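>>> Quick one: sequence plus predicted model below, questions after.
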Amino acid sequence: MDTIFAVSSGALPAAIAVLRISGEKAFAAAQQMIGALPPARRAGVRRLRDPSDGGTLDDALVLCFPGPRTATGEDLVELHLHGGRAVVRAVEAVLAGMPGLRAAEAGEFTRRALLHGRLDLSEAEGLGDLLMAETEAQRRAAVRSAGGAVRRHAEAWAERLLAVAARIEAELDHGDEDDVAGDDPLPALRVQAEALAQDIMVVAMRPPVERLRDGLRVVLGGPPNAGKSTLFNALADRDAAIVSPIAGTTRDRIEVPVVRAGIAWLLIDTAGLAEATDDPIEAIGVERARSALAEADLLLWLGDDAPPAHPASLWIHARADAPERRAPRPEQIAISVQQGRGLELLWARMAEIATELLPPPDMVALNARQRHLCCTAAEALHRAALLDDSLLFAEEVRAARLAIDAITGRAGVEDVLDALFGRFCIGK
């Protein structure tokens, strides 16, 4: 495996640039530039020189960390350089010229930490979310995941599964022996399997972490010329959508991310839901609008008729300042963008709904991959709880164990690693 290097600190120029070297040739590479290395885990000031001509590269603070007790599980060297671009480029050029060394790819340091057991897949996913966090709620959820909260749940489930699996395997392999023979263990194991399935589903059915990370999807829907785009621009606090008195101006969905009061939202403007149209482009827009409504976490309905059935919706009485508009109904929120009336109330009502849609701040939230694996394990255990055949029961328990192990990366996760670590910066 190549030895890799990259700047792991912030963007250049900066006061200090921390350049990390990880791999079996890390110490040898550092020795070529500085000579004697400082003692392990103790900082030392050294002059870095180009091995080819002895020219000075920089005076740097150097730290050496012998593996496996390092961030990556490998030998690791940190060069704390002066943070100028030319300085860093010169040191990187020298390292790149050494056999067996190359620049790291995005997320490669964390990937090596995963491969060497320094963290598990759920912790790596949490670290990725932490790097992308923009709100306090996102940060708290990511810190919990990166700190092993998901792993601890998975390990507790795996321990209970292992006990069930060991008992049923013992019955299958040695049920006729004196030290194992006795009452049929299957009825009790079926009860344990069902109880574990229910415990797993309690966590899996919590609001998903994607709502924190990507924002709650708020879709503005209603008939043509209902004032959706005007309200959309007011909520986005910019002219993101074209507004005109001509019905059907909005043809496609428009998305704008917004953070307000620590909550991330994804506002989505849609085409008016015309009952019939001869315009094929408008028909496509209407179909996309209906799809957006089906995917919405929260629907803001601007029609005069009651909103369609939806788990979370607010009925908006738009253009409340227009003289031809009737008085709003008690259940409607009256909005006048021109007068700035009703917007704060709308945001407040949206925030109230968000508390039900977002993961609780003191509980573990799962991402889509983890939630799918939890559901797979729970379904296998539900099936096992209905079986009278010990062999089939054991097979369902094995399937559940594989799914739980995949949460932390102990099984079947190669296909998700590239997508995960592609979100990381080069030096992470």
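Great, that's in hand.

>>> Touching, I333 and G342? I think so.
Yes. Under the criterion of Cβ atoms under 8 Å, I333 makes contact with G342 at 5.8 Å. From N, CA and C alone the C-beta is placed, and that goes for glycine too.

>>> So for those two, which sits in the more crowded spot?
Between I333 and G342, counted using other Cβ atoms under 10 Å, the more crowded position is G342 (22 against 19).

>>> Which residue, other than its chain neighbours, is closest to that one?
I335 (4.0 Å; Cβ to Cβ, 6 or more residues apart in numbering).

>>> Tell me who's in contact with the one you found.
G227, L231, I316, H317, A318, R319, A320, R341, G342, L343, L346 (Cβ atoms under 8 Å, 6 or more residues apart in numbering).

>>> my read is the third one is in a strand, agree?
Just to be clear, that refers to I316. Yes. According to DSSP: H, G, I helix; E, B strand; the rest coil, I316 belongs to a strand.

>>> all strands for the protein, in order.
Applying DSSP state E to the chain gives strands spanning 3-7, 16-22, 44-49, 56-65, 76-82, 101-103, 216-221, 254-260, 263-269, 298-301, 313-317, 333-334.

>>> Quick one: the ones you listed as TSV, columns for mean pLDDT too.
Formatted as TSV, the strands of the chain follow (pLDDT from 0 to 100):
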stretch	mean pLDDT
strand 3-7	96
strand 16-22	96
strand 44-49	96
strand 56-65	97
strand 76-82	97
strand 101-103	96
strand 216-221	94
strand 254-260	90
strand 263-269	92
strand 298-301	95
strand 313-317	94
strand 333-334	93
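
>>> can I get those in TSV with distance to T376?
Output for the strands of the chain, formatted as TSV (distance: least, Cβ to Cβ, whole Å):
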stretch	distance to T376
strand 3-7	35
strand 16-22	35
strand 44-49	51
strand 56-65	39
strand 76-82	37
strand 101-103	38
strand 216-221	25
strand 254-260	31
strand 263-269	28
strand 298-301	29
strand 313-317	31
strand 333-334	41
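
>>> Mind checking the ones you listed for the one nearest to L381?
Distance to L381, taken as Cβ to Cβ, is lowest for strand 216-221 among the strands of the chain, at 31.5 Å.

>>> So which residues make contact with the closest one?
By Cβ under 8 Å, 6+ apart, the list of residues contacting strand 216-221 from outside reads 228-229, 231-232, 235, 263-270, 273, 289, 292-293, 295-303, 307, 350, 354, 357-358.

>>> That strand relative to strand 254-260, how many degrees between them?
With axes from the mean of the first three to the mean of the last three Cα atoms, to 10 degrees applied, the angle from strand 216-221 to strand 254-260 works out at 130 degrees.

>>> Okay, buried residues for strand 216-221 please.
L216, R217, V218, V219, L220, G221 (16 or more other Cβ atoms under 10 Å).

>>> Farthest pair within those?
Every pair of those checked by Cβ to Cβ; the farthest is L216 and G221, at 15.2 Å.

>>> Was I right to think N225 contacts L273?
No. Using Cβ under 8 Å, N225 is not in contact with L273, being 11.4 Å away.

>>> Narrow the contacts of strand 216-221 to those that are buried.
228-229, 231-232, 235, 263-270, 273, 289, 292-293, 296-303, 307, 350, 354, 357-358.

>>> so where's the protein uncertain?
Low-confidence segments of the chain (pLDDT under 70): 174-183, 240-252, 276, 278, 411-428.

>>> Report the contact partners of A26.
Applying Cβ under 8 Å, 6+ apart to A26 gives the contacts T3, E74, D75, L76, V77.

>>> just R290 next, same as before
If you count contacts by Cβ under 8 Å, 6+ apart, R290 has them with L273.

>>> what about the spatially closest residue to A124 that is not a sequence neighbour, neighbour count?
Nearest residue to A124, sequence neighbours excluded (Cβ to Cβ, 6+ apart): L114, at 5.3 Å. Per other Cβ under 10 Å, the neighbour tally for L114 reads 23.

>>> just L402 next, same as before
Residues within reach of L402, counting by other Cβ under 10 Å, total 16.

>>> for P39, same thing?
A count of nearby residues for P39, using other Cβ under 10 Å, gives 10.

>>> Just want the phi and psi numbers for it.
As for P39, its main-chain torsions (degrees, to the nearest 10) stand at phi -60, psi 150.

>>> swap in G117?
According to degrees, to the nearest 10, the main-chain angles of G117 amount to phi 80, psi 20.

>>> What sits closest to it if chain neighbours are left out?
In space, G117 is closest to G73, 6.5 Å off (Cβ to Cβ, 6+ apart).

>>> give the contact list for V258.
Contacts for V258 (Cβ under 8 Å, 6+ apart) come out as G215, L235, A236, D237, A264, W265, L266, L267.

>>> which of those lies closest to F393?
Among the contacts of V258, and counting by Cβ to Cβ, the member closest to F393 is G215, at 42.9 Å.

>>> neighbours of the closest one, just the number please.
As a burial measure, G215 scores 22 neighbours (other Cβ under 10 Å).

>>> quick one: it and E255 touch, right?
No. In this structure, G215 is not within contact of E255 by Cβ under 8 Å, at 9.6 Å.

>>> List the buried residues of stretch 369-384.
Quick answer for stretch 369-384 (16+ other Cβ under 10 Å): 369-371, 373-384.

>>> do the same with stretch 53-62
Using 16+ other Cβ under 10 Å as the test for burial, stretch 53-62 gives L57, D58, A60, V62.

>>> Stretch 125-134 now?
For stretch 125-134, by 16+ other Cβ under 10 Å, it's E125, G126, L127, G128, D129, L130, A133.

>>> next one: stretch 43-54
R46, L48, R49, D50.

>>> Quickly list what the third one is bridged to.
Yep, that's R49 we're talking about. T56 (DSSP bridges).

>>> For M205, find the nearest of the strands of the chain.
Minimum separation from M205 across the strands of the chain (Cβ to Cβ) falls at strand 216-221, 17.6 Å.
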